[in-house]
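Student: whatever this is, show me its structure:
(chains A and B)
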2 protein chains.
Amino acid sequence: MLKRFLVPEADQVLVSEDDARAATATIFRKMGMPDDDADTATDVLITSDLRGCESHGVSNMLRAYVHQYSAEIINPRPDVKVLRDSPVAASWDADRGLGIQVGPRAMQTAIDKANETGMGAVAVQNCGHVGMLAYYALMAIPSDMIGICMVSAGGGLQVPLWGTEPVFGTHPIAWGAPTNKMPPFVFDVATTQVAANKLMLTRRIDSNLEPGWITGLDGAPIMEAVDSPDYGGFFMLPFGGTRENGGHKGTGFAAIVDIMAGILSGNKAGFMADRNMHSQFVMAMKVEAFIDAIEFKSDLDALLERISSMTPIEGQDRVYYAGLLEHEETAKRKAHGIPYHREVVEWFNKTSNDLNLGFSLP
Amino acid sequence: MLKRFLVPEADQVLVSEDDARAATATIFRKMGMPDDDADTATDVLITSDLRGCESHGVSNMLRAYVHQYSAEIINPRPDVKVLRDSPVAASWDADRGLGIQVGPRAMQTAIDKANETGMGAVAVQNCGHVGMLAYYALMAIPSDMIGICMVSAGGGLQVPLWGTEPVFGTHPIAWGAPTNKMPPFVFDVATTQVAANKLMLTRRIDSNLEPGWITGLDGAPIMEAVDSPDYGGFFMLPFGGTRENGGHKGTGFAAIVDIMAGILSGNKAGFMADRNMHSQFVMAMKVEAFIDAIEFKSDLDALLERISSMTPIEGQDRVYYAGLLEHEETAKRKAHGIPYHREVVEWFNKTSNDLNLGFSLP
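Tutor: I've put the predicted structure just below:
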């Protein structure tokens, strides 16, 4: 994550992983989630916070979920329906359950299928927010599988390259693969220049946006550094930004996400779907279906070691690969606590008071 | 394709599809390929030229293949070995056959597997150049399948973001999906800022490279417009180019390609593999394993129509999606001929003379 997205030290309150988990799960149970599901959804959020991906942790998301439960937009006890099922593939209707509640079940099903056949994929329609996609990719890794996740999340944010109207959300993609000794490869990116949540984060921490990240409401790229406007006051550019830097590639990957998650699940492309209902595609591929897992993992170690041990260009401290910094951050935060913005801790404690939950974070 | 890559009109010679096919297949047969394989390899090259992807058609590639056959780097009659095989997955050793000869067989096998089970994937090690990846994605479309292809092609060209040494080739990715009435979605991109072949094309047509496309041999990004240096005189940046424009995403996708094609096939990551031996991952997913194909295709039509019918930003004529321009170009070139550079036609005729092949292009 770029430095601009980190909470300034003066505003940080360190909260232990256990305290953060307990408080979050208590809130989910209060919203009506079954105990097991509350623990699952909590694990998705706290894993994000441990990895330093605060844009998808409790800071930005938990209060949004609480609002969605109050407004009855999402269903805390979904009756998930299997629409199609075979030894390698399935499609599900999540019955308006939160993505971080139903998604891990879908990925587990993909893993179980891959365990039997070599490959498994599940497309899920009609779910709420899916959280940090790296979570699903990570789930596959202990089984020596490659994990893939894509999410079609609305259609009102991202313009196609050269377009004047949005058709996509941030439409992220994650891909993970197991290693022997190096931290695993875990790639998780928005197909926009940045995740939308991160735009909002810049406001809490008094930072700004780069040229070529967003457009005005006429679709024209804003090519100077600006403060983040409110939701509704901008559209986002595909990654690359301009044609010369590969903006058409960002648009292409956004379309792929809409195809794999939105259309394949039956949720339809983001711009046609119910704006609160996202869709998800998860897939697991067993390495042993192609090659010995030990050989695969040691060859991947060699690639990742090559990348992360080379001399960086002038002005940079190191060269890294996807998942490396997040792995290091997790170790730090597990030891020393998660650095939440004091406003987030205040929100937790106010929520505990308002809803009579009986916890208080330090 | 950017205009800078097109052959200037004054240098164009229009050659009919049939004449180009006949000449190309004659050369492949002369190189020792079996008749069927020569037709397959020809189809990959001529399909590239018809789609306007001349960087991967006969202009750049055929003379390189002829050189590789003469130097006995590639094997015209490979004995392809099946290393692993299951109902959903396989890995093959291509026995140093050209990728455009063995790759289509691998994709057909993936399609056959997907027809039986819902999904099929084949990882191929030890093959020569794989050609235009869109070809493999296109193969899946008539069977109402999603087609995917990735190729790990060497390790001496692309630096990871902020790195000073190359570890990847151009490491392209293709993804195709079927439609009812719109031209199909066919995405095919290098994970570098541009395909390496296109750098060389700029020299034939007296054009230049954009800032942030390449680096010097010290890995430092070259941030002004320059003439293309020779192979060996530059490295390439991942798509996005800079961190702010998503260069880490380009690096991540390049690593994914090395994982799926290079490491999963046993060819190893590009930087560890034999420099002339590439690897390929192909996959087919049957739409009906998830949803009715008719619903899928009509929902995809809606997305593609939405994108391609919207008003473009000022300065652009239209908004397009991956595969649209190539589809239109194919119709034009099938009707009017393929506009080759006159040097390419001269090379064909010289080769015909030198090898006693008996053809002569107009």
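Student: A:A114: which element?
Tutor: In this structure, A:A114 sits in helix A:99-117 according to DSSP states H and E.
Student: buried residues of that helix, list them for me.
Tutor: Within helix A:99-117, the residues that count as buried by 16 or more other CB atoms under 10 Å in any protein chain shown are A:99-111, A:113-114, A:117. From N, CA and C alone the C-beta is placed, and that goes for glycine too.
Student: the following helix or strand past it pairs with which strands?
Tutor: Note on helix A:99-117: by DSSP H and E, the next helix or strand toward the C-terminus is strand A:119-127. Using DSSP bridges, the strands paired with strand A:119-127 in its sheet are strand A:89-93 (parallel), strand A:278-286 (antiparallel).
Student: CA atoms of strand A:119-127 as PDB?
Tutor: Output in PDB follows, covering the C-alpha atoms of strand A:119-127 (Å, rounded to 0.1, in the frame of the first residue of the first chain):
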ATOM      1  CA  MET A 119     -10.200 -28.000 -10.400                       C
ATOM      2  CA  GLY A 120     -13.200 -26.300  -8.800                       C
ATOM      3  CA  ALA A 121     -15.000 -23.100  -9.400                       C
ATOM      4  CA  VAL A 122     -18.000 -21.400  -7.900                       C
ATOM      5  CA  ALA A 123     -19.800 -18.300  -9.200                       C
ATOM      6  CA  VAL A 124     -22.000 -16.500  -6.600                       C
ATOM      7  CA  GLN A 125     -24.700 -14.000  -7.400                       C
ATOM      8  CA  ASN A 126     -26.700 -11.800  -5.100                       C
ATOM      9  CA  CYS A 127     -24.300 -11.200  -2.300                       C
END
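Student: what's the angle between that strand and helix A:99-117?
Tutor: Angle of strand A:119-127 versus helix A:99-117, following axes from the mean of the first three to the mean of the last three CA atoms, to 10 degrees, is 160 degrees.
Student: got the CA coordinates for the helix or strand that strand A:119-127 is followed by in CSV?
Tutor: Downstream of strand A:119-127, the first helix or strand assigned by DSSP H and E is helix A:134-140. Provided in CSV are the C-alpha atoms of helix A:134-140 (Å, rounded to 0.1, in the frame of the first residue of the first chain):
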residue,chain,number,x,y,z
ALA,A,134,-6.6,-11.9,-1.0
TYR,A,135,-8.5,-13.8,1.7
TYR,A,136,-10.0,-16.2,-0.8
ALA,A,137,-6.7,-16.7,-2.7
LEU,A,138,-5.0,-17.4,0.7
MET,A,139,-7.6,-20.1,1.5
ALA,A,140,-6.3,-22.3,-1.3
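Student: quick one: helix A:134-140 near chain B?
Tutor: No - judged by CB under 8 Å from any CB of the partner chain, helix A:134-140 and chain B are separated, with a smallest distance of 10.8 Å.
Student: ok, now stretch A:245-256?
Tutor: Yes - Stretch A:245-256 lies within reach of chain B by CB under 8 Å from any CB, at A:245-246, A:248-253, A:255-256.
Student: would you turn these into TSV with neighbour count, pLDDT and secondary structure?
Tutor: Listed next are the residues of stretch A:245-256 next to chain B as TSV, based on neighbours: other CB atoms under 10 Å in any protein chain shown; pLDDT from 0 to 100; DSSP: H, G, I helix; E, B strand; the rest coil:
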residue	neighbour count	pLDDT	secondary structure
A:N245	27	86	coil
A:G246	33	89	coil
A:H248	23	95	helix
A:K249	28	96	helix
A:G250	31	96	helix
A:T251	31	98	helix
A:G252	27	98	helix
A:F253	29	98	helix
A:A255	30	98	helix
A:I256	24	98	helix
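Student: where does chain A have low pLDDT?
Tutor: Scanning chain A for pLDDT under 70 picks out A:1-5.
Student: could you pull out the strands in it for me?
Tutor: Listed in chain order, the strands of chain A (DSSP state E) span A:12-15, A:81-85, A:89-93, A:119-127, A:145-152, A:173-177, A:185-189, A:214-215, A:235-236, A:278-286, A:338-341.
Student: export those strands to JSON lines and tack on mean neighbour count?
Tutor: Below are the strands of chain A laid out as JSON lines (neighbours: other CB atoms under 10 Å in any protein chain shown):
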{"stretch": "strand A:12-15", "mean neighbour count": "17"}
{"stretch": "strand A:81-85", "mean neighbour count": "14"}
{"stretch": "strand A:89-93", "mean neighbour count": "23"}
{"stretch": "strand A:119-127", "mean neighbour count": "29"}
{"stretch": "strand A:145-152", "mean neighbour count": "29"}
{"stretch": "strand A:173-177", "mean neighbour count": "27"}
{"stretch": "strand A:185-189", "mean neighbour count": "25"}
{"stretch": "strand A:214-215", "mean neighbour count": "24"}
{"stretch": "strand A:235-236", "mean neighbour count": "24"}
{"stretch": "strand A:278-286", "mean neighbour count": "29"}
{"stretch": "strand A:338-341", "mean neighbour count": "22"}
